[in-house]
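Engineer: Can you look at this prediction? I've put the sequence above it.
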Amino acid sequence: CSLSCDRGYTPSANCTSCVLTNICEASNPCGTADCSLGSQPDQYICYCAANTSNTQSQSLSASIIAIITVLSLIIAVCIALIVVLVVVVVINNKKQKQQLQQPSHDYDIICPTASDPVTQTNQAYQVGRQLF
């Protein structure tokens, strides 16, 4: 569909397979042609329509660009969520390590002492009970 529009056809568009005939073609492989009366009553001048494959390829490329843009946005959101998740996990791990390094209870050193012969109780045991 790359015929040139010459000899009575409009030269402004990619020419379809229009012919100068008394029955103007309503459709052809490349699109449609607008017809008007020619110099003779039984002839028409076919004005070739623009090649529709150009507009189809433009709309196809535009839709492909739109799809790629949407996919890029989805991928960017996923990457951002992964980064946030990693940061949260790292912070939680640091907090857990700090808690493990710091003793949770301070125990006093209990030195063993002799039992009181009167009450028969270990004084160190009593001290330990008072701490808790």
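Structural biologist: Nice, thanks for sending it over. Since the structure is predicted, the reported quantities are computational estimates derived from the model, not experimental observations. Numbers count the residues shown, from 1 in each chain.
Engineer: what about Ile74, which helix or strand?
Structural biologist: Assignment of secondary structure by DSSP states H and E places Ile74 within helix 52-101.
Engineer: That helix - what's its average pLDDT?
Structural biologist: Helix 52-101 carries an average pLDDT of 85.
Engineer: From the contact counts, what lies against it?
Structural biologist: Secondary-structure packing of helix 52-101 (3 or more CB pairs under 8 Å, 6 or more residues apart in numbering; DSSP states H and E): no helix or strand packs against it. Every C-beta, even on glycine, is put in place using the N, C-alpha and C of the backbone.
Engineer: quick one, domains of this structure?
Structural biologist: Structurally, the chain divides into domains by the TED database as follows: 9-47, 59-99.
Engineer: could you check the distance from Lys94 over to Leu85?
Structural biologist: Per CB to CB, to the nearest Å, Lys94 is found 15 Å from Leu85.
Engineer: Repeat that for Gln101.
Structural biologist: Applying CB to CB to Gln101 and Leu85 gives a distance of 25 Å.
Engineer: if you count what's nearby, which of these two comes out ahead?
Structural biologist: A count of neighbours by other CB atoms under 10 Å puts Leu85 above the other of Gln101 and Leu85, at 10 against 7.
Engineer: check contacts around that one.
Structural biologist: Under the criterion of CB atoms under 8 Å, 6 or more residues apart in numbering, Leu85 has no contact partners.
Engineer: how much space between Val70 and Ser63?
Structural biologist: Distance from Val70 to Ser63, counting by CB to CB: 11 Å.
Engineer: ok, now Gln98?
Structural biologist: From Gln98 across to Ser63, the span is 53 Å (CB to CB).
Engineer: And Gln96, by the same measure?
Structural biologist: To Ser63, Gln96 is 50 Å away according to CB to CB.
Engineer: what does Ile74 give?
Structural biologist: Computed as CB to CB, the Ile74 to Ser63 distance reads 17 Å.
Engineer: With Val90 instead?
Structural biologist: Counting by CB to CB, the gap from Val90 to Ser63 is 41 Å.
Engineer: what about Ser72, neighbour count?
Structural biologist: Here the number of neighbours of Ser72 (other CB under 10 Å) works out to 10.
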